[in-house]
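[1] Give the three-dimensional model of this entry:
(one chain, ligands or ions: 1)
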Amino acid sequence: MINTNEILNKYRLKLTKSLGQNFLTDINILKKIADAGDLTQEDLVLEIGPGIGALTVVMAQKAGSVIAVELDKNLMPALKFTTGSYKNITIINDDILKVNVNALIGSWKGPVKIISNLPYYVTTPVIMMFLENNLPIERMVIMVQKEVAQRMSASPGTKEYGALSVGVQAAGDVKSLFNVSCNCFIPKPDVDSSVVRIMIHDKYQKMINDRQVFLNCVKAAFLKRRKTLINAMSSYPELNLKREKVKEIIAAMKLKETIRGEELSVEQFIQLANLVSDF
Ligand code: SAM
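    Numbering: from 1, shown residues only. Okay, here's the model as predicted:
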């Protein structure tokens, strides 16, 4: 097990708040996150932000291969020291939003699993990058702010339900696994954290005729959530829809004209997007 304080002192590291550097120090939590990956030698794990490698080495004891992408070059000496004896760990010093993830996965034949204590300032773009680009991923096990976990698994009609809920639920089955106390980190974050698992499936993906139209419908519906769906969609430039057309679509779906986007289920968003793309 990596002693975080010892490594930080040895390498005289100062953690950077703007990079979301809150490092996990509790071995039980590290093991619980790795266990949620159900790791075997068949698996390739892609970790975003390994920090000084505390979670990386726990996962490398079970997985076939771990590729860890870390943005902060100041952490490289420490990270290479802690992970150096593991032949199945590859460290990439880059920004996860800029690397070619397909190239990293390469020709790996087994399941690809994203497992990470995410840097919170980029949580949504990172999740959406993986889900929107149709990457061949079996699951994501990610630590996020508790409030983001609630948004991911929210039901229609609740205040937490939004574009992130629909985007994530259209890609897989979402489950909030457990909460993590702020005392398990150095330094302590100001927010509560939760570990979430998304088991990716293509049930909904197969039903969507045009992904871009689907994403635009979801974005339009939640951009101004107090607007009716008719107003929201007919004023969203990328959809280029006249009010009368949206009214016809809403009528075809047998929905009331006053309905708001936040009331639609994932299936209804898909139906809506398919009617829009058929027009
Ligand atoms: N995995 C470690 C742990 O659990 O203790 C560290 C997690 S810490 C919450 C997030 C890590 O992500 C930091 O090491 C930070 O430098 C790194 N990071 C921040 N932005 C990143 C980006 N765009 N791409 C890759 N890594 C990033």
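[2] going forward, measure contacts between C-alpha atoms and count neighbours the same way
    Will do.
[3] now for the helix or strand harbouring A103, which elements pack on it?
    A103 is part of helix 101-105, with elements assigned from DSSP states H and E. In terms of contacts (3 or more Cα pairs under 8 Å, 6 or more residues apart in numbering; DSSP states H and E), helix 101-105 is packed against no helix or strand at all.
[4] Flag every buried residue along that helix.
    I105 (16 or more other Cα atoms under 10 Å).
[5] Restrict it to CA atoms and write it as PDB.
    Only the C-alpha atoms of helix 101-105 are listed here, as PDB (Å, rounded to 0.1, in the frame of the first residue of the first chain):
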ATOM      1  CA  VAL A 101      -8.500   7.000 -26.200                       C
ATOM      2  CA  ASN A 102      -9.100   4.600 -29.100                       C
ATOM      3  CA  ALA A 103      -5.300   4.500 -29.700                       C
ATOM      4  CA  LEU A 104      -4.700   3.800 -26.000                       C
ATOM      5  CA  ILE A 105      -7.100   0.900 -26.100                       C
END
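[6] begin at 49 from here
    All right, first residue 49 from here; so that's helix 149-153.
[7] Near the ligand, which residues of this structure are found?
    With Cα under 6 Å from any ligand atom as the criterion, the chain meets the ligand at residues 67-72, 96-99, 102-103, 117-120, 143-145, 165-167.
[8] Drop anything exposed from the residues you listed.
    Listed as buried from these are 68-72, 96-99, 102-103, 117-120, 144, 165-167; burial here means 16+ other Cα under 10 Å.
[9] if we can go back for a sec, could you list which of the residues of the chain next to the ligand belong to helices?
    A102, L103 (DSSP state H).
[10] mind listing what's buried in the worst-scoring helix or strand of the chain on mean pLDDT?
    Using mean pLDDT, DSSP states H and E, the weakest-scoring helix or strand in the chain turns out to be helix 171-180, at a mean of 90. Buried residues in helix 171-180, defined by neighbour count with 16+ other Cα under 10 Å: T171, V174, I175, F178, L179.
[11] helix, strand or coil for the residue sitting furthest away from the middle of the chain?
    The C-alpha centroid of the chain is most remote from E292, which lies 36.3 Å away (Cα atoms, centre = their mean). Classification of E292 using DSSP: H, G, I helix; E, B strand; the rest coil returns helix.
[12] quick one, what contacts it?
    Contacts for E292 (Cα atoms under 8 Å, 6 or more residues apart in numbering) come out as none.
[13] Doesn't V192 lie inside a strand?
    Yes - the assignment for V192 (three-state DSSP) places it in a strand.
[14] Which pLDDT value goes with it?
    Looking at V192, its pLDDT is 97.
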